[in-house]
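Visitor: Build me a model:
(one chain, ligands or ions: 2)
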Amino acid sequence: MSTTSPRSIPNILSIAGTDPTGGAGIQADLKSFAAHRGYGMCVVTALVAQNTRGVREIHLPPVSFLRAQLDAVSDDVALDAIKIGMLGTEEIITTVAEWVDSLGHGRHGDGEDGDGGDAQDDVDGSGPVLVLDPVMIATSGDRLLDAAAESALIAFLHRADLITPNVPELALLAGAEPASDPTGLISQSRAVADEHQVVVLAKGGHLDDATAQEHVVDTLVYPQRAGVRPAEEQFLSPRIHTQNTHGTGCSVSAALATLAARGHSWSTALPVVKDWMTSALQDSERLDVGQGHGPIQHFAQLWD
Ligand SMILES: Nc1ncnc2c1ncn2[C@@H]1O[C@H](COP(=O)(O)OP(=O)(O)OP(=O)(O)O)[C@@H](O)[C@H]1O
Ligand SMILES: Cc1ncc(COP(=O)(O)O)c(N)n1
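Guide: Ligands and ions are numbered 1, 2, ... in the order given. Model (predicted):
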């Protein structure tokens with residue numbers, strides 16, 4: 001990653017929807033930023049009446065007010081990283097895209113340290129690192145992106161440095177059936193990474209193949225650029241058998257944005273984040289929040 005913030009505590013912005021029970025969306029992002037030593041900020045795209053059991057109602061503030069929130073932050077604060085989650089509608093995606101373009105965001109490289117590395121070359125990035133979690137459907141099965149907005153989200157992808165789809169989200173971005181094993185996930189990620197020139201973190205939490213009972217496999221897939229060979233890197237962690245998985249996707253992308261702003265490459269950040277997630281899932285049993293898919297314990301490593 002070519003950016004290392006001069007700030008000892010980087011400024012990280014979440015642009016996402018809310019979860020009043022605190023496990024997913026903006027509330028999860030802020031906890032994840034703090035757990036990884038970032039200063040967290042947030043712009044709300046959607047107010048979501050949800051809990052650990054499901055989504056009840058969604059209220060969308062006018063997009064002019066969304067833009068006012070975004071400008072209020074960027075007119076005043078130098079941003080080191082942006083994590084984008086629930087965008088909800090085409091109008092919201094367009095508004096956020098226009099604002100990102102107004103920042104003059106130039107994509108950040110995916111190599112180790114900007115020296116051109118062997119597998120992934122480095123693009124001279126400018127402005128904040130941008131991580132997009134293409135949130136479409138909640139763990140509960142409820143839709144968080146309207147169907148008409150899917151093509152607008154696909155058109156947004158090239159702006160991001162990293163995207164973090166789960167199995168069904170990746171299938172939708174690739175225009176394919178959901179993958180059933182890590183190999184299928186990699187080939188869909190390769191298609192998306194090359195077409196949109198974006199690094200893809202394909203999350204394997206939803207896989208149910210032979211090894212999935214024991215391990216969760218997440219894969220980084222780098223776009224192929226002229227003269228640079230394609231690369232994939234797989235990262236395994238133990239599968240934690242718990243129903244407290246609400247917000248894992250939000251929390252992982254927020255953690256990666258924070259570590260990138262602190263100078264990590266994606267491949268050095270991901271093992272750190274997976275170790276952290278393992279303890280956050282294990283420690284979730286100490287929380288007593290709701291009857292459904294409960295939240296993770298973001299501060300497991302701090303509150304030992
Ligand atoms: N049971 C688990 N044990 C260990 N790690 C997990 C487990 N479930 C998810 N993870 C990790 O959490 C992250 C999110 O994975 P997942 O594939 O579930 O994405 P997601 O569907 O976006 O998450 P969410 O459940 O928030 O919607 C990945 O890094 C994955 O490895
Ligand atoms: C506002 C918001 N953003 C994202 C999610 C996805 O999280 P999960 O899939 O864990 O429910 C969510 N439920 N709510």
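
Visitor: So the residue nearest to the spatial centre of the chain versus Ala16, what's the distance?
Guide: Centroid check for the chain by Cα atoms, centre = their mean gives Ser253 as the closest residue, at 3.0 Å. Distance from Ser253 to Ala16, counting by Cβ to Cβ, to the nearest Å: 10 Å. Yep, even glycine has a C-beta here, placed from its N, CA and C like the rest.

Visitor: what do these two both touch?
Guide: 83, 85 (Cβ atoms under 8 Å, 6 or more residues apart in numbering).

Visitor: so which helix or strand takes in the residue nearest to the centre of the chain?
Guide: helix 248-261 (DSSP states H and E).

Visitor: is ligand 2 contacted by that helix?
Guide: Yes. For helix 248-261 and ligand 2, the contact criterion (Cβ under 6 Å from any ligand atom) is met by 249-250.

Visitor: quick check, that helix touching ligand 1?
Guide: Yes. On the criterion Cβ under 6 Å from any ligand atom, helix 248-261 is in touch with ligand 1 at 248-250, 252.

Visitor: Stretch 212-220 now?
Guide: Yes. Interface with ligand 1: stretch 212-220 contributes 216, 218 (Cβ under 6 Å from any ligand atom).

Visitor: Next, the buried residues of that stretch.
Guide: Within stretch 212-220, the residues scored as buried using 16 or more other Cβ atoms under 10 Å are 212, 216-220.

Visitor: Relative to ligand 1, how far out is the nearest residue to Gly40 once chain neighbours are set aside?
Guide: Nearest residue to Gly40 in three dimensions, chain neighbours excluded: Phe33, at 3.5 Å (Cβ to Cβ, 6 or more residues apart in numbering). Distance, Phe33 to ligand 1, using Cβ to the nearest ligand atom, to the nearest Å: 16 Å.

Visitor: Show the contacting residues for Phe33.
Guide: 12, 14, 39-40, 254, 257-258 are the contacts of Phe33 under Cβ under 8 Å, 6+ apart.

Visitor: let's see it at 10 Å
Guide: 10-14, 39-42, 81, 83, 251, 254-255, 257-258, 261, 298 (Cβ atoms under 10 Å, 6 or more residues apart in numbering).

Visitor: Quick one: buried ones out of the residues you listed?
Guide: Counted by 16+ other Cβ under 10 Å, the contacts of Phe33 give 10-14, 39-42, 81, 83, 251, 254-255, 257-258, 261, 298 as buried.

Visitor: how about low-confidence regions in the stretch 51-200 of the chain?
Guide: 109-125 (pLDDT under 70).

Visitor: all helices for it, in order.
Guide: For the stretch 51-200 of the chain, the helices defined by DSSP state H, counting those that start in this stretch occupy 63-74, 90-102, 150-156, 167-174, 182-196.

Visitor: Mind putting those helices into a markdown table with mean neighbour count?
Guide: A markdown table is the format used below for the helices of the stretch 51-200 of the chain (neighbours: other Cβ atoms under 10 Å):
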| stretch | mean neighbour count |
| --- | --- |
| helix 63-74 | 16 |
| helix 90-102 | 18 |
| helix 150-156 | 17 |
| helix 167-174 | 21 |
| helix 182-196 | 20 |
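
Visitor: residues touching Leu157, list them.
Guide: Leu157 neighbours (Cβ under 10 Å, 6+ apart): 132, 134, 163, 165, 173, 192-193, 195-198, 200.

Visitor: if we go to 8 Å?
Guide: When contacts are counted by Cβ under 8 Å, 6+ apart, Leu157 touches 132, 134, 163, 173, 192, 196, 198.

Visitor: I'd say the fifth one and Ala171 touch.
Guide: Pointing back at Val192 there. No. Judged on Cβ atoms under 8 Å, Val192 makes no contact with Ala171 at a distance of 10.2 Å.

Visitor: re the thing from before, figure out which of the helices of the stretch 51-200 of the chain is closest to His293.
Guide: helix 167-174 (15.9 Å; Cβ to Cβ).

Visitor: and that closest one, what other elements does it pack with?
Guide: helix 150-156, helix 182-196, strand 199-202 (3 or more Cβ pairs under 8 Å, 6 or more residues apart in numbering; DSSP states H and E).

Visitor: now these in a markdown table, with distance to Asp142?
Guide: Below are those laid out as a markdown table (distance: least, Cβ to Cβ, whole Å):
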| stretch | distance to Asp142 |
| --- | --- |
| helix 150-156 | 16 |
| helix 182-196 | 23 |
| strand 199-202 | 23 |
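
Visitor: mind checking which of those is nearest ligand 1?
Guide: Of all those, strand 199-202 sits nearest to ligand 1, with 7.7 Å by Cβ to the nearest ligand atom.

Visitor: Can you pull out the residues in contact with stretch 214-227?
Guide: So stretch 214-227 is contacted by 110, 119-121, 182, 185-186, 189-190, 193-194, 196-205, 207, 211, 230-239, 266-267, 270, 274 (Cβ under 8 Å, 6+ apart).
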